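Asker: Compute the structure for the input listed below.
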Amino acid sequence: MVATLIKQTLSKEDHEFSHFLTAEECLENLHQNPDIITVDYNLPGMNGTDLMERIKSYNSSIMVVIVSGQENLDVVVESYKKGASDYIIKNDNLFVNLENSIKNLSMSVVLKKEIELLRDEVMDRNKYANILGNSQPVVRVLKLIQKVESSNIMVLVTGQSGTGKELVARALHYNSPRNRKSFVTVNMGAIPEDLIESELFGHEKGAFTDARERRIGKFEQANNGTIFLDEIGEMNLHLQTKLLRVLQEKEITRIGSNKTIKLDFRLIAATNRNLLTEVKEGRFREDLFYRIQGFLIHLPPLKERGDDVILLAKSFLNEFCKTSKMDPIHISKEAIEFMMSYDWPGNIRELKAVVERGALLSENGVMNVDDLMFVQA
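Answerer: Modelled structure (predicted):
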């Protein structure tokens, strides 16, 4: 009787319904992937919280509303603790309260799905599309990414500054099973030496003079996701020792604490240095070097990528004109020849800067050699 009245009440909101008389029947039909389930607390065979636990173990994202004549505070608290999205008492306001609850939860479902779509769009933008290039060296890099993206093996990305090492790290993360978790980047060369340990591992309030509150470190932020240590060759030997232990034990201890925190993360490191030379000269631990080099991906300098130079230049130019609300700009034949003949010691980063500055200097919708040469002067 109550179920029939509930259905009549909620049908006003144009919801799709399935109606089951027993807990077993409900569990057998969870494959229909409902967004919200309304459960009567007093069911034959199992109570509403027991059924809710079974539902949540099947799919934790399903929202469960418990309808009950039981007003005992302990029962209500237990229901919320076990994951109820709402608990509604059977009284004169039952149908109004239930209608409002379903309406609010439905809005949450819509917002959640919109967020999922936005996440998918963000992930798409961070996949291979961001690694522009058709040259053989780039194709080889993409093949290496595909070989290792689904595993948990540590990856070391090497190459000159400005070759796109972070793009490779992002591609590895966003094409991995960890893609919905955090991707945390740390530039080891940009953090003062006296702060880097706190930055990586966190600290407790009062651990040192300026520790006014607890700080969660980058490794904790990357739990269940990926941490990218850029320019790992800049790390001092003391910190290298601590990092090695973290990688071996998969646990960290915040500064000022004795408690170890177990973590699950994937490490991707990058460097523009020759780490083997650093090892031979005593500036980088040999055991750490072999630990992080589970899988090596080397990025070629821009001068070895042939026509990719022009592909990248046009992409940067189009994006700059779009974001700057400028009319489209054409690259002259002479400017293309100049770009192809230049060595680009700053690699992709330099090319982007040259193109953007050249766009501002260009006239009549054409970027000429003089515009580029002015940047190089």
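
Asker: can you pull the contacts of V168?
Answerer: 131, 141, 145, 157, 270, 297, 299 (Cβ atoms under 8 Å, 6 or more residues apart in numbering). Any C-beta I mention is one placed from the backbone N, CA and C, and that applies to glycine too.

Asker: Map the structural domains onto the sequence of this protein.
Answerer: Following automatic domain parsing, the chain resolves into domains at 2-122, 127-300, 303-376.

Asker: Mean pLDDT added to those, as CSV?
Answerer: Listed next are those as CSV, based on pLDDT from 0 to 100:
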stretch, mean pLDDT
domain 2-122, 78
domain 127-300, 92
domain 303-376, 92
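
Asker: quick one on the thing from earlier: looking at the contacts of V168, which one is closest to L27?
Answerer: Proximity of those to L27 (Cβ to Cβ) peaks at I145, which lies at 41.6 Å.

Asker: For my notes, confirm the closest one occurs in a helix.
Answerer: Yes: the assignment for I145 is a helix, going by DSSP: H, G, I helix; E, B strand; the rest coil.

Asker: do you know how far it is from L312?
Answerer: 18 Å (Cβ to Cβ, to the nearest Å).

Asker: Also K205?
Answerer: 47 Å.

Asker: Neighbour count: those two, which is higher?
Answerer: L312 (20 against 10; other Cβ atoms under 10 Å).

Asker: Could I get the CA-only coordinates of whichever strand or helix holds F289 as CSV?
Answerer: Using DSSP states H and E, F289 sits within helix 286-292. Extracted in CSV, the C-alpha atoms of helix 286-292 (Å, rounded to 0.1, in the frame of the first residue of the first chain):
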residue,chain,number,x,y,z
GLU,A,286,73.2,4.2,-7.7
ASP,A,287,70.4,2.2,-6.0
LEU,A,288,67.9,5.0,-6.5
PHE,A,289,68.9,5.4,-10.1
TYR,A,290,68.1,1.7,-10.8
ARG,A,291,65.0,1.9,-8.7
ILE,A,292,63.4,4.8,-10.7
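
Asker: Give me the buried positions along it.
Answerer: Judged by neighbour count using 16 or more other Cβ atoms under 10 Å, the buried positions of helix 286-292 are 288-289, 291-292.

Asker: Equivalent analysis for stretch 130-141, please.
Answerer: 131-133, 135, 137-138, 141.

Asker: What about the residues you listed, which are in helices?
Answerer: Assigned to helices by DSSP state H, the following of these qualify: 137-138, 141.

Asker: Same list as before, those that is, but in TSV and with distance to E71 included.
Answerer: Below are those laid out as TSV (distance: Cβ to Cβ, whole Å):
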residue	distance to E71
P137	70
V138	66
V141	64
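
Asker: just to revisit the earlier point, a markdown table please, covering the contacts of V168 and showing distance to V168.
Answerer: Conversion of the contacts of V168 to a markdown table gives the following (distance: Cβ to Cβ, whole Å):
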| residue | distance to V168 |
| --- | --- |
| I131 | 7 |
| V141 | 7 |
| I145 | 6 |
| V157 | 5 |
| A270 | 8 |
| I297 | 6 |
| L299 | 7 |
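
Asker: Can you tell me which of the residues you listed is closest to S182?
Answerer: A270 (17.7 Å).

Asker: Just the element for that closest one, please.
Answerer: Going by DSSP H and E, A270 is part of strand 266-271.

Asker: So which elements touch that strand?
Answerer: Counting contacts by 3 or more Cβ pairs under 8 Å, 6 or more residues apart in numbering; DSSP states H and E, strand 266-271 packs against strand 155-158, helix 165-174, strand 226-230.

Asker: just so I know, which of those lies nearest L105?
Answerer: Among those, the nearest to L105 by Cβ to Cβ is helix 165-174 (30.5 Å).

Asker: the strands in the protein, which residues?
Answerer: 36-40, 63-68, 86-89, 155-158, 183-187, 226-230, 251-253, 260-262, 266-271, 295-298, 330-331, 366-367 (DSSP state E).

Asker: Just send the ones you listed back as CSV, with mean neighbour count and distance to V76 too.
Answerer: Formatted as CSV, the strands of the chain follow (neighbours: other Cβ atoms under 10 Å; distance: least, Cβ to Cβ, whole Å):
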stretch, mean neighbour count, distance to V76
strand 36-40, 20, 14
strand 63-68, 22, 8
strand 86-89, 20, 5
strand 155-158, 24, 49
strand 183-187, 19, 39
strand 226-230, 24, 40
strand 251-253, 18, 38
strand 260-262, 12, 33
strand 266-271, 25, 41
strand 295-298, 16, 52
strand 330-331, 18, 69
strand 366-367, 18, 69
